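Visitor: Could you work out the structure for the sequence below:
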Amino acid sequence: MKHSLAILSFLFLIIFMFPATAQETAKANKGEGVLQFLKRFNRTKSFHFDRFIELNRDKLDKNNGLKLGVTYSLPPLNNEGNEPLFGEELAKYTIDSDELNGACFYLVSGHGGPDPGAIGELRGHPLHENEYAYDIMLRLARNLMSKGAKVHIIIQDAKDGIRNDKFLDVSDRETCMGQAIPLNQVKRLQQRCDKINELFKKDKEHYRRALFIHLDSRSESKQIDVFFYHYDGSAKGKHLANTLQNVFNRKYDKHQPLRGFSGTVSPRDLFVIKQSLPVAVFVELGNIQNSRDQQRFLLDDNRQALANWMCEGLIEDYKNYKNK
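Guide: Numbers count the residues shown, from 1 in each chain. Just a heads-up that it's a prediction; the model follows:
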């Protein structure tokens with residue numbers, strides 16, 4: 001009797017598991033387009049189409065048409081994503097809008113690996129630029145992905161994830177998408193530009209933007225706002241930088257109306273924005289030495305706010321691009 005029940009239980013699992021796995025891949029019928037193909041598997045939302053194209057780009061013809069006899073990967077039925085770099089608790093995220101469908105971003109947090117960047121101090125706790133820039137960058141990446149964007153996280157730490165601590169422990173685990181980060185500054189910067197350019201040449205999105213996220217280091221008494229740098233001669237880079245600045249200006253007017261916002265936009269001949277193929281903006285989020293600026297990134301809510309505001313600026317810039 002027990003043996004029979006075991007067999008029945010096994011068959012029950014097979015019956016109910018098989019359809020789920022069978023729909024992971026499928027072949028197109030003759031004359032079937034992508035929309036009809038996806039509808040056959042109850043995938044009728046715009047994100048299903050976008051994800052299908054992303055998954056099968058190398059298997060489609062030049063007009064994104066289907067080919068007979070080719071096995072295609074089906075997008076997930078539910079509108080969810082998973083990025084382990086965000087950490088165990090936040091790896092899964094919901095794609096709650098398609099505002100950034102068709103946009104592609106290359107996100108780079110400053111320094112990393114053997115180079116912690118600028119180092120501040122608060123009550124005996126060292127504050128390392130690479131750790132705070134990385135946390136803010138991850139938060140921005142998650143925001144962008146939840147709006148339907150494709151995001152390449154160039155600097156990666158397989159362990160840290162998004163953290164809510166005030167004082168973030170430093171490590172040298174960061175890699176450039178799996179490659180060890182060189183200590184030599186020029187080689188380090190060239191490595192991340194090479195990776196961005198390699199991805200840029202493969203990506204097909206018309207709107208592609210790179211964002212380099214840093215903290216500054218000046219005298220302790222020097223409180224600064226957020227600065228945005230673009231490559232001189234890049235009209236699109238200047239437009240993006242101005243859009244980001246305008247968002248920050250509005251947010252400070254709303255949340256700290258008596259303070260004002262003096263962050264600026266200016267051209268800079270910085271190596272990474274000069275050598276990167278996509279339109280790029282370099283962001284300095286504050287002075288890691290100044291006690292008031294430190295509050296901007298020590299509190300996790302503030303780090304999230306910075307990510308939210310940058311995301312809002314990127315959405316505005318993308319909408320402006322699409323409306324031209």
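Visitor: Spell out for me which residue occupies the centre of the chain.
Guide: residue 141 (2.7 Å; C-alpha atoms, centre = their mean).
Visitor: show me where the chain has helices.
Guide: 2-22, 34-40, 46-56, 129-146, 185-202, 235-255, 271-275, 291-298, 300-322 (DSSP state H).
Visitor: now the ones you listed as TSV including distance to residue 225 and mean pLDDT?
Guide: (C-beta placed from N, C-alpha, C; glycine too.) Converted to TSV, these look like this (distance: least, C-beta to C-beta, whole Å; pLDDT from 0 to 100):
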stretch	distance to residue 225	mean pLDDT
helix 2-22	51	41
helix 34-40	47	95
helix 46-56	36	85
helix 129-146	16	98
helix 185-202	25	98
helix 235-255	8	94
helix 271-275	20	98
helix 291-298	9	88
helix 300-322	12	97
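Visitor: Please work out which of the ones you listed is packed deepest.
Guide: When the helices of the chain are scored by mean count of other C-beta atoms under 10 Å, the highest mean neighbour count falls to helix 129-146 (a mean of 25).
Visitor: and that one, what does it pack onto?
Guide: strand 92-94, strand 103-109, strand 150-153, strand 207-216, helix 291-298, helix 300-322 (3 or more C-beta pairs under 8 Å, 6 or more residues apart in numbering; DSSP states H and E).
Visitor: Report the rounded mean pLDDT for the shortest one.
Guide: Here the mean pLDDT over strand 92-94 is 94, rounded to a whole number.
Visitor: Report the buried residues of it.
Guide: For strand 92-94, the neighbour count (16 or more other C-beta atoms under 10 Å) marks residue 93 as buried.
Visitor: starting at the chain centroid, how far to it?
Guide: 13 Å (C-alpha atoms, centre = their mean, to the nearest Å).
Visitor: Strand partners (parallel or antiparallel) of that strand?
Guide: Strand 92-94 pairs in its sheet with strand 80-82 (antiparallel), by DSSP bridges.
Visitor: And the contacts of the partner strand?
Guide: Residues outside strand 80-82 that contact it (C-beta atoms under 8 Å, 6 or more residues apart in numbering) are 91, 92, 93, 94, 95, 145, 146.
Visitor: Please report how far the fifth one lies from residue 208.
Guide: Taking C-beta to C-beta, to the nearest Å as the criterion, residue 95 is separated from residue 208 by 19 Å.
Visitor: so which of the helices and strands packed on helix 129-146 gets nearest residue 196?
Guide: strand 103-109 (4.7 Å; C-beta to C-beta).
Visitor: packing partners for that closest one?
Guide: Using 3+ C-beta pairs under 8 Å, 6+ apart, strand 103-109 is in contact with helix 129-146, strand 150-153, helix 185-202, strand 207-216, helix 300-322.
Visitor: and of the ones you listed, who's closest to residue 281?
Guide: Using C-beta to C-beta, the nearest of the helices and strands packed on strand 103-109 to residue 281 is strand 207-216, at 5.7 Å.
Visitor: mind saving the C-alpha coords of that closest one as CSV?
Guide: The C-alpha coordinates for strand 207-216 follow below in CSV (Å, rounded to 0.1, in the frame of the first residue of the first chain):
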residue,chain,number,x,y,z
TYR,A,207,19.1,54.9,-25.5
ARG,A,208,22.2,53.9,-23.7
ARG,A,209,23.7,55.8,-20.8
ALA,A,210,26.7,55.3,-18.4
LEU,A,211,26.7,56.7,-14.9
PHE,A,212,29.8,56.9,-12.7
ILE,A,213,29.0,57.4,-9.0
HIS,A,214,31.6,58.8,-6.6
LEU,A,215,32.1,60.7,-3.4
ASP,A,216,34.5,63.6,-3.1
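Visitor: Now do it and helix 235-255, the angle between them.
Guide: 60 degrees (axes from the mean of the first three to the mean of the last three C-alpha atoms, to 10 degrees).
Visitor: What's the mean pLDDT across strand 207-216?
Guide: Mean predicted lDDT for strand 207-216 stands at 96.
Visitor: Counting by contacts, list what that strand packs against.
Guide: With 3+ C-beta pairs under 8 Å, 6+ apart as the test, strand 207-216 has strand 103-109, helix 129-146, helix 271-275, strand 279-287, helix 300-322 packed against it.
Visitor: Show residues contacting the fourth one.
Guide: The reference is to strand 279-287. 133, 136, 208-218, 222-231, 234, 236-237, 240-241, 244, 268, 270, 272-273, 293-294, 296-297, 306, 310.
Visitor: sorry, back to before: identify whichever of the helices and strands packed on strand 207-216 lies nearest to residue 257.
Guide: Here helix 300-322 is closest among these (C-beta to C-beta), at 15.9 Å.
Visitor: Taking helix 129-146 as reference, get the angle to that closest one.
Guide: Using the same axes, to 10 degrees: helix 300-322 against helix 129-146 is 50 degrees.
Visitor: That concludes my questions; thank you for your assistance.
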